[in-house]
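Novice: I would like the atomic coordinates for the input below:
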Amino acid sequence: MATRANADLPELELVVRETMAGRVYAQLREAIMTGRFAPGQLLSLRSVADAVGSSTMPVRAALTRLQAEGALIDGPGRALIVPPMTLELLEELRDVRIALEGAVAKRAAARMTREHLGALQELFDVMNAHVEAGGVPAYLRSNFQFHIAIYTHGASDITLSTIQNLWMRIGPFLNLVAPDIPHMRRSMAAHRHIVEALWRGDGEGARAGIEEDIGDAAADLQERLQSAKQDAEDRSGQARA
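Specialist: This next block holds a predicted model:
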């Protein structure tokens, strides 16, 4: 006879068990999105396991998942690395991010309450303090939190996941431009335009601020990539001479 579920059970809260692999994945993913790993950074199974205080099995699962999402690629030996960037891919990511994140910010302008905006204003103030103190890692983390605080109100879970996947690709390269204080101050000017537009409920203004922020960062990164490419070509030419 089939066993029937006990209909007399009291109402219970669902219990979610987060696995070690899930926690390692979440920590690495957040670190990649917020620029804590630089382009070309090697991640070996053992080094990551030692860093998080875990066995290699959950770390292998987390790294495999990140590789499948394109956040990591095969490196020397059996290690994985944070992938490099090309000028062509940078332009593509810039255009896709402006279109998607701009549209989501515009939608968020009609949905964010004064309470939401107050919390966003606090994040802006924290970011500004990090810039003036020259705290690059803290600035990058709060920058990510600032953007996600907006997108959470303008996107479904599916769209938000897509945005985060794009940030996994661009995050490590923000690490290259953020140490430049003038760059961070220009970025904060764009963030100010976004906040002011959201307080006004101006969706188009919020979208324009996102375009300004992403576009300025891409232009600074493009300049660095072009300079690095020229340096590499010069060294190659000198070696052949």
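Novice: mind giving me the packing neighbours of the host helix or strand of residue 104?
Specialist: Using DSSP states H and E, residue 104 maps to helix 87-108. Judged by 3 or more C-beta pairs under 8 Å, 6 or more residues apart in numbering; DSSP states H and E, the packing partners of helix 87-108 are helix 136-151, helix 157-177, helix 181-200, helix 203-240. Every residue, glycine included, has its C-beta placed from N, CA and C.
Novice: now the angle between helix 136-151 and that helix, please.
Specialist: For helix 87-108 against helix 136-151, the angle by axes from the mean of the first three to the mean of the last three C-alpha atoms, to 10 degrees is 50 degrees.
Novice: give me the buried positions along helix 87-108.
Specialist: 90, 93-94, 97-98, 100-108 (16 or more other C-beta atoms under 10 Å).
Novice: between the residues you listed, which is nearest residue 116?
Specialist: The closest of the buried residues of helix 87-108 to residue 116 turns out to be residue 108 (C-beta to C-beta; 8.6 Å).
Novice: separation between the closest residue to residue 204 other than its chain neighbours and residue 48?
Specialist: Once flanking residues are discounted, residue 204 sits nearest to residue 106: 6.4 Å by C-beta to C-beta, 6 or more residues apart in numbering. Per C-beta to C-beta, to the nearest Å, residue 106 is found 39 Å from residue 48.
Novice: do residue 59 as well
Specialist: 5 Å.
Novice: now do the shared contacts for these two.
Specialist: Common neighbours of residue 59 and residue 48 (criterion: C-beta atoms under 8 Å, 6 or more residues apart in numbering): residue 24.
Novice: and the two? Which one has more around it.
Specialist: Neighbour totals were compared for residue 59 and residue 48, and residue 59 leads with 25 against 21 (other C-beta atoms under 10 Å).
Novice: what mean pLDDT does the helix or strand containing the more buried one have?
Specialist: According to DSSP H and E, residue 59 maps onto helix 56-68. Averaging pLDDT along helix 56-68 gives 93.
Novice: also stretch 182-192?
Specialist: Averaged across stretch 182-192, the pLDDT comes to 91.
Novice: contacts for that stretch?
Specialist: Outside stretch 182-192, the residues within contact range by C-beta under 8 Å, 6+ apart are 124, 127-128, 131, 136, 139, 143, 146, 177-178, 209-210, 212-213, 216-217, 220.
Novice: now do that stretch: distance to the chain's middle.
Specialist: When distances are taken as C-alpha atoms, centre = their mean, to the nearest Å, stretch 182-192 is centred 17 Å away from the chain's centroid.
Novice: confidence score at the most centrally placed residue in the chain?
Specialist: Geometric centre of the chain, nearest residue: residue 33, 2.9 Å, by C-alpha atoms, centre = their mean. Residue 33 is assigned 94 on the pLDDT scale.
Novice: now residue 226
Specialist: Residue 226 carries a pLDDT value of 87.
Novice: which ones are touching it?
Specialist: Neighbours of residue 226 in contact, by C-beta under 8 Å, 6+ apart: residue 87.
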